[in-house]
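K.L.:
here is my input, please return the structure:
(2 chains)
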Amino acid sequence: MSITLTDNAADRVKSFLAKRGKGVGVRLGVRTTGCSGMAYVIEFADELEEGDTVFEDKGVKVIVNPKSLVYLDGTELDFAREGLNEGFRFNNPNEKDRCGCGESFSV
Amino acid sequence: MALLQISEPGMSTDPHEHRLAAGIDLGTTNSLVATVRSGVAETLPDGKGRHILPSVVHYGPDGVLVGHDAKRRAALDPLNTIASVKRLMGRGIDDLKTLDGHVPYDFVPGEGGVPRIRTARGEVTPMEVSAEILRALRARAEESLGGELSGAVITVPAYFDDAQRQATKDAAALAGINVFRLLNEPTAAAIAYGLDKGQEGVIAVYDLGGGTFDISILRLSKGVFQVLATGGDSALGGDDFDRAIAEWIMQEAGIAGDTDHGRMRQLMMDACAAKEALTDSDETELRIRMAGDQVWNGCMTCEQMNCLIDPLINKTLASCRRALRDAGVTADEVLEVIMVGGSTRVPRVRERVGAFFGREPHVDIDPDRVVAIGAALQADVLAGNKPDEEMLLLDVIPLSLGIETMGGLVEHIIPRNTTIPVSRAQEFTTFKDGQTAMALHVVQGERDLVDHNRSLARFTLRDIPPMVAGAARIRVTFQVDADGLLNVTAVEQTSGAQAGVEVKPSYGLSDSEIEHMLRDSMSHAHEDMEARRLREQQVEADRVIEALDAALAADGDALLAADEREAIGRARDDLVAVRGDPDPEAIRKAIRAVEKASEGFVARRMDASIRKAMAGHKVEEFQ
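P.N.:
Next up is the predicted model:
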């Protein structure tokens, strides 16, 4: 089981957490919604919940709940820039199919 | 694939339902757009990394340019390059005379007194020019966020009046932007510094932008901002510094005062460059292009510039003094001073303001960006991206304030969400002949019937001179000061008779009560409308009966035959009978019937009174 971050993503998460001034890490997850089944969730984490798995990579704590973990195992979180737009991207090997917009996926 | 931002815990949105929000600082000289991404508020740059968008629009033969590209045309094509349009927002053509020398455009009067500017692409209104700027900012925000904006917070100077605020909203509508709310610029600045989470006390926001100066005195207590007082000058800013410097250059270089638009623009830009150069050096070289390709070389020192701008800074400090007095605080009581606006980069301004308030002003956040950043933070809250947000700004009226009128109906005088301080007046009149007193009932709420609203106060205006119904002119003024204190005064215009009352409308109302009252007004909207229709018809019926009875008593015997009088009487009795019915349509029909039956009587009364008035006079006297 592993979840990793690119250097760029790790820097960004650290800087956002620092500016926010609180939070133990970043919580990644999936939700059953969207046009192609699942959608990615990325949130600040203020506390751990029961059953959470905590991965630590490049100094950043990544927190995932057990339900999401089966879908996210092996994922690499990246921070990318496309023109003026910038944000986080999930490179998820479990992903089989994506909707056209890329906001939801199926496994 | 879509790029994601980090949400607050539990606040993730569904795909395609991102609550994208932006804060827009629509400035006189420069505009900015900011947004909150992954919890951080920042202004958004364009493709070339420039955050500031000059508030300049160029209307050329082959298209409309906005921003830097437009600004470059200013000197070459001044009449088609519109800058500082914010000064014209909500102004009528008459107001422009006071700004005349400052806005070098071809104006043509338009519909409803809105000035139109003649350009190579046709006539445009100030709203349309602003909309071009807003459209460019919206496009930048949507490109940066990767989706459509759900809405924006746009900032305005604290003392923009209603017309100016409305014009700003109209411009946003033209640009296709949903305005969450307009936010006062100083309040936005205080939010940007996070003072809502900081120490309690009095905060002064000194905002010297390109074209406007605002001083706002806020009080922070328990995380809540109260606007104690605002003041300023809507026609004073860095542009005026530039003008003072340009005039000095003209004097030094011997340039005539009646120089053309293009050259004047160039001079203003030279002056601005000199001012900026003097921010971090003691003197600067001037190279001014003169007529016939000659160049005038000169030099300006910091001290020389300070002498030129000191009178302007003095003006701002006089406003500060007034605002402090209005707020009832002394300079010593001010805990924090925030500097906003590009002109506060001028070291002399910081020095004088620091000395005035006796403390070092806050300058950590870029003074050009601080307002946009505060607006973005507020937009993020309003878009629903923050959990249990407690930031409450006490600068709007939470519920409408109004007065009871005949029939137990409410006439709203100040609608809810109006920013305070505010003053609104409306004229009312008497209902009965010879009425000498009027009871005024002040109510708060959104419902149409008095009974469903909250009663705030009652008072009586006496000594109204006896007049026929509808002739008295009673001006009722609602004034809400920065503390939310409501003052209601009623003045009879001809006699000057006066009465008033003071109330604190928000006293004792919790947020949930306010919310409850608002929800009620929505769920009962239809019912309220029906009730209003009925009451209005009943009031009209009473008025008709009252007037008819008075007329019959006066002239009924002299002007009516017995059968005519009987017909009118029947219609009147029918109306009296249906008046109590809950059917507004039946009452309306009965009123029509009375009017129809008494048509002849009314005409004869009119003739009789004219005859009476003209008796003994020559026709010539009436010409």
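
K.L.:
going forward, measure contacts and count neighbours with C-alpha atoms only.
P.N.:
Fine.

K.L.:
and the helix or strand harbouring B:Glu143, does that touch chain A?
P.N.:
Under DSSP states H and E, the secondary-structure element containing B:Glu143 is helix B:126-145. Yes - for helix B:126-145, a contact with chain A is found by CA under 8 Å from any CA of the partner chain, at B:Arg140, B:Glu143, B:Ser144, B:Leu145.

K.L.:
neighbour-wise, which of the residues you listed leads?
P.N.:
B:Leu145 (26 neighbours; other CA atoms under 10 Å in any protein chain shown).

K.L.:
contacts only, for that residue.
P.N.:
By CA atoms under 8 Å, 6 or more residues apart in numbering or on different chains, the residues touching B:Leu145 are A:Leu84, A:Asn85, A:Glu86, B:Leu20.

K.L.:
wait, which of those residues is closest to A:Asp46?
P.N.:
Distance to A:Asp46, by CA to CA, is smallest for B:Leu20 among the contacts of B:Leu145, at 23.1 Å.

K.L.:
tell me the pLDDT at the nearest residue to B:Asp451 once chain neighbours are set aside?
P.N.:
Of all residues not flanking B:Asp451 in the chain, B:Gly408 sits nearest, at 7.5 Å (CA to CA, 6 or more residues apart in numbering or on different chains). Note on B:Gly408: pLDDT of 82.

K.L.:
so what's B:Gly408 up against?
P.N.:
Contacts of B:Gly408 (CA under 8 Å, 6+ apart): B:Leu449, B:Val450, B:Asp451, B:Arg535.

K.L.:
name the element the closest residue to B:Ser7 other than its chain neighbours belongs to?
P.N.:
What sits nearest to B:Ser7 in space, not counting adjacent residues and going by CA to CA, 6+ apart, is A:Glu43, at 4.4 Å. Per DSSP H and E, A:Glu43 falls inside strand A:38-45.

K.L.:
average model confidence for that strand?
P.N.:
Rounded mean pLDDT across strand A:38-45 is 87.

K.L.:
which residues does the spatially most central residue of chain A form beta bridges with?
P.N.:
The geometric centre of chain A, computed from its C-alpha atoms, lies nearest to A:Leu28 (CA atoms, centre = their mean), at 3.7 Å. Per DSSP bridges, residues listed as beta-bridge partners of A:Leu28: A:Ile42, A:Val64.

K.L.:
what's the pLDDT at it?
P.N.:
Reported pLDDT for A:Leu28: 92.

K.L.:
spit out the contact partners of it.
P.N.:
Going by CA under 8 Å, 6+ apart, A:Leu28 touches A:Tyr40, A:Val41, A:Ile42, A:Glu43, A:Val62, A:Ile63, A:Val64, A:Ser68.

K.L.:
10 Å - rerun?
P.N.:
Contact analysis of A:Leu28 by CA atoms under 10 Å, 6 or more residues apart in numbering or on different chains lists A:3, A:40-45, A:62-65, A:68-69, A:72, A:77, A:90, B:6.

K.L.:
how far off centre is stretch B:299-314?
P.N.:
Chain-centre distance of stretch B:299-314: 34 Å, with CA atoms, centre = their mean, to the nearest Å.

K.L.:
tell me the SS of B:Ala171?
P.N.:
Of the three states, B:Ala171 takes helix according to DSSP: H, G, I helix; E, B strand; the rest coil.

K.L.:
wouldn't it be in contact with B:Glu132 here?
P.N.:
Yes - between B:Ala171 and B:Glu132 there is a contact at 8.4 Å, judged by CA atoms under 10 Å.

K.L.:
not counting sequence-adjacent ones, nearest residue to the residue of the stretch 51-200 of chain B found nearest chain A?
P.N.:
Proximity to chain A, evaluated over the stretch 51-200 of chain B using CA to the nearest CA, is greatest for B:Ser144 at 4.0 Å. Nearest-residue entry for B:Ser144: A:Asn85, 4.0 Å, with adjacent residues in sequence omitted and distances by CA to CA, 6+ apart.

K.L.:
the one you found and B:Gly298, how far apart?
P.N.:
Using CA to CA, to the nearest Å, A:Asn85 is found at 46 Å from B:Gly298.

K.L.:
in the longest helix anywhere in chain A, what counts as buried?
P.N.:
Counting by DSSP state H, the longest helix found in chain A is helix A:7-20. For helix A:7-20, burial by neighbour count (16 or more other CA atoms under 10 Å in any protein chain shown) applies to A:Ala9, A:Ala10, A:Arg12, A:Val13, A:Lys14, A:Phe16, A:Leu17.

K.L.:
secondary structure class for B:Leu399?
P.N.:
Going by three-state DSSP: B:Leu399 is coil.

K.L.:
does the residue lying closest to it once chain neighbours are set aside belong to a helix, a strand or coil?
P.N.:
What sits nearest to B:Leu399 in space, not counting adjacent residues and going by CA to CA, 6+ apart, is B:Arg416, at 4.5 Å. Here B:Arg416 is recorded as coil under three-state DSSP.

K.L.:
could you double-check that B:Arg416 sits in contact with B:Arg447?
P.N.:
No - if you go by CA under 10 Å, B:Arg416 and B:Arg447 don't touch, sitting 11.9 Å apart.

K.L.:
shared neighbours, these two?
P.N.:
Common contacts of B:Arg416 and B:Arg447 (CA under 10 Å, 6+ apart): B:Ser400.

K.L.:
including pLDDT, could the residues of helix B:126-145 next to chain A go into JSON lines?
P.N.:
What follows is the residues of helix B:126-145 next to chain A, written out as JSON lines (pLDDT from 0 to 100):
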{"residue": "B:Arg140", "pLDDT": "95"}
{"residue": "B:Glu143", "pLDDT": "92"}
{"residue": "B:Ser144", "pLDDT": "91"}
{"residue": "B:Leu145", "pLDDT": "88"}
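
K.L.:
from those residues, which is closest to B:Ala331?
P.N.:
Nearest to B:Ala331 among the residues of helix B:126-145 next to chain A, with distances taken as CA to CA, is B:Arg140, at 41.1 Å.

K.L.:
I'd assumed B:Val33 was in contact with the closest one.
P.N.:
Yes - the pair B:Arg140 / B:Val33 is scored as a contact, 8.1 Å apart, by CA under 10 Å.

K.L.:
overlap in contacts, those two.
P.N.:
With CA under 10 Å, 6+ apart, B:Arg140 and B:Val33 have common neighbours B:Leu44, B:Pro45, B:Leu134.

K.L.:
sorry, back to before: neighbour count winner among B:Arg416 and B:Arg447?
P.N.:
Between B:Arg416 and B:Arg447, counted using other CA under 10 Å, the more crowded position is B:Arg447 (25 against 16).

K.L.:
tell me the SS of the more buried one?
P.N.:
coil.

K.L.:
nearest spatial neighbour of the closest residue to chain A within the stretch 251-400 of chain B, skipping sequence neighbours?
P.N.:
Here the stretch 251-400 of chain B gets closest to chain A at one residue, B:Asn385, 11.6 Å apart by CA to the nearest CA. Closest residue in space to B:Asn385, ignoring its immediate chain neighbours: B:Met11 at 6.2 Å, by CA to CA, 6+ apart.

K.L.:
now the helices for chain A?
P.N.:
A:7-20, A:66-72.

K.L.:
report how many residues lie close to residue 44.
P.N.:
By default, I'm working from chain A. Burial of A:Phe44 is recorded as 26 neighbouring residues (other CA under 10 Å).

K.L.:
that answer is for a different chain, and I need it for chain B
P.N.:
24.

K.L.:
chain neighbours aside, what residue packs nearest to residue 52?
P.N.:
Assuming you mean chain A. Using CA to CA, 6+ apart, the nearest residue to A:Asp52 is A:Asn65, at 4.4 Å.

K.L.:
ah, I was thinking of chain B
P.N.:
Nearest residue to B:Ile52, sequence neighbours excluded (CA to CA, 6+ apart): B:Leu32, at 5.5 Å.
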